[in-house]
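Engineer: Got a predicted structure plus its sequence, pasted below:
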Amino acid sequence: MQRPDLATLACVNAECQSFGRTGQGNLTIRKVYGKDNIRLLRCGKCREEFSERRHTALFNTKVSESKAEAIIDHLDEGCSIRSTSRLTKVSKVTVSRLLKTSGRHAQHFHDQEVHDLSPQAVQFDEQWSFVQKKQKNCTPEETHEAGDFWDHTAITPDSKLIVSLVVGKRTKDKTQELVSDTQSRLRKGHLPTLFSDGYEGYEPSILETFGRRYKAPQANLSGRPRLDIIRWPQGLAYAQIIKSTKDKTNDGIHLKVIRGKAKVLHTLSLLGYN
């Protein structure tokens, strides 16, 4: 594995004045150790010593770097923990541990880098899978931990960037979590054209997240206060791409425009769809 330049690394001591700041020229190589020639670094300002693997997915990993890369590559290609264990000749415990640590590191990196976006379009979608067994084979006691699970994703169609990913059952709560997380990663005030399938949870979630709230007029001084009125913001365009297995015309795909027809059609033309 190619070693990163010291200028791209930073001190990990939270009390150091150079904490988290790269390119300060304060790091030197204290020694090199292990079969993978890992560098032990020293900060010239606070004298803290730490491994260059600190805060990475390979920190405290006992397997070699080449083996760890092979494990992550197999998992990334969709291999199961059991098959990855057989192919890389390591225990399932090792594969599971590396899966968790690399996953947490990837989530942290995603949160750090994916923000302040201004895409012209965002598409919400889901990918089905299952845990342990399919839903039809689950008992009522197992339905929360096993059965059908979905990867709820928000993707920019032009660049294929995954803006947000939420894993769980296909529920309105998970849909709301996906839409809210996506909105939090957009540039303030930016309204991309939104696309989804025909799942009933999307329209109320998008209205709840992107809508403008107004105080409802109070009929009288007594009684419970009325709920806020939520309206579609000006400039937001939203359409559903609905697939039908019964209608064979146009491959059974229908476009249902919920809001902003002109902007929806313009966005589709920019993306290369007729």
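Structural biologist: Now that the structure is in, tell me what you want to look at.

Engineer: hmm, who's touching the longest helix along the chain?
Structural biologist: In terms of residue count, the longest helix belonging to the chain (DSSP state H) is helix 92-113. By C-beta atoms under 8 Å, 6 or more residues apart in numbering, the surrounding residues in contact with helix 92-113 are 56-57, 59, 61-63, 68, 71-72, 75, 81-82, 84-85, 88. Backbone N, C-alpha and C define where each C-beta goes, glycine included.

Engineer: The residues you listed, buried ones only, as a PyMOL selection?
Structural biologist: To isolate the buried members of those in PyMOL, using 16 or more other C-beta atoms under 10 Å:
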select buried, resi 57+61+63+68+71+72+75+81+84+85+88
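
Engineer: Strands - which of the contacts of helix 92-113 land there?
Structural biologist: Members of the contacts of helix 92-113 lying in strands (criterion: DSSP state E): none.

Engineer: for the contacts of helix 92-113, which one is nearest residue 13?
Structural biologist: The nearest member of those to residue 13, counting by C-beta to C-beta, is residue 59 at 15.6 Å.

Engineer: now that closest one, nearest residue through space, not along the chain?
Structural biologist: Spatial nearest neighbour of residue 59, excluding adjacent residues (C-beta to C-beta, 6 or more residues apart in numbering): residue 53 at 4.5 Å.

Engineer: Now that neighbour: phi and psi?
Structural biologist: Backbone torsions of residue 53, given as degrees, to the nearest 10, read phi -80, psi -10.

Engineer: Look at it and report its pLDDT.
Structural biologist: With respect to pLDDT, residue 53 scores 88.

Engineer: ok, it - contacts?
Structural biologist: Residue 53 sits in contact with 38, 59-61, where contact means C-beta under 8 Å, 6+ apart.

Engineer: how much space is there between it and residue 113?
Structural biologist: To residue 113, residue 53 is 20 Å away according to C-beta to C-beta, to the nearest Å.

Engineer: quick one on the thing from earlier: any chance of a markdown table for the contacts of residue 53, columns pLDDT and distance to residue 261?
Structural biologist: Listed next are those as a markdown table, based on pLDDT from 0 to 100; distance: C-beta to C-beta, whole Å:
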| residue | pLDDT | distance to residue 261 |
| --- | --- | --- |
| 38 | 90 | 58 |
| 59 | 85 | 52 |
| 60 | 82 | 55 |
| 61 | 83 | 53 |
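
Engineer: need the residues you listed in CSV with distance to residue 173, can you?
Structural biologist: Shown next, in CSV, are the contacts of residue 53 (distance: C-beta to C-beta, whole Å):
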residue, distance to residue 173
38, 43
59, 34
60, 35
61, 35
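
Engineer: pretty sure residue 124 belongs to a helix, no?
Structural biologist: No. Residue 124: not assigned to a helix; according to DSSP: H, G, I helix; E, B strand; the rest coil it is strand.

Engineer: Tell me how far it lies from residue 238.
Structural biologist: 10 Å.

Engineer: anything in contact with each of these two?
Structural biologist: 194-196.

Engineer: quick one on the thing from earlier: what mean pLDDT would you report for the longest helix of the chain?
Structural biologist: So the average pLDDT for helix 92-113 ends up being 92.

Engineer: buried sites along that helix?
Structural biologist: 94-95, 97-99, 101-102.

Engineer: Quick check, residue 42 in contact with residue 13.
Structural biologist: No. Residue 42 lies out of contact with residue 13 (C-beta atoms under 8 Å); the separation is 10.9 Å.

Engineer: Residues that sit against both of these two, list them.
Structural biologist: With C-beta under 8 Å, 6+ apart as the test, residue 42 and residue 13 both reach residue 48.

Engineer: Helices of this protein, residue ranges please.
Structural biologist: Using DSSP H, helices in the chain cover 65-76, 81-88, 92-113, 172-184, 202-210, 261-270.

Engineer: Dump the ones you listed to TSV, plus distance to residue 252.
Structural biologist: As requested, the helices of the chain are exported to TSV (distance: least, C-beta to C-beta, whole Å):
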stretch	distance to residue 252
helix 65-76	32
helix 81-88	35
helix 92-113	34
helix 172-184	23
helix 202-210	20
helix 261-270	18
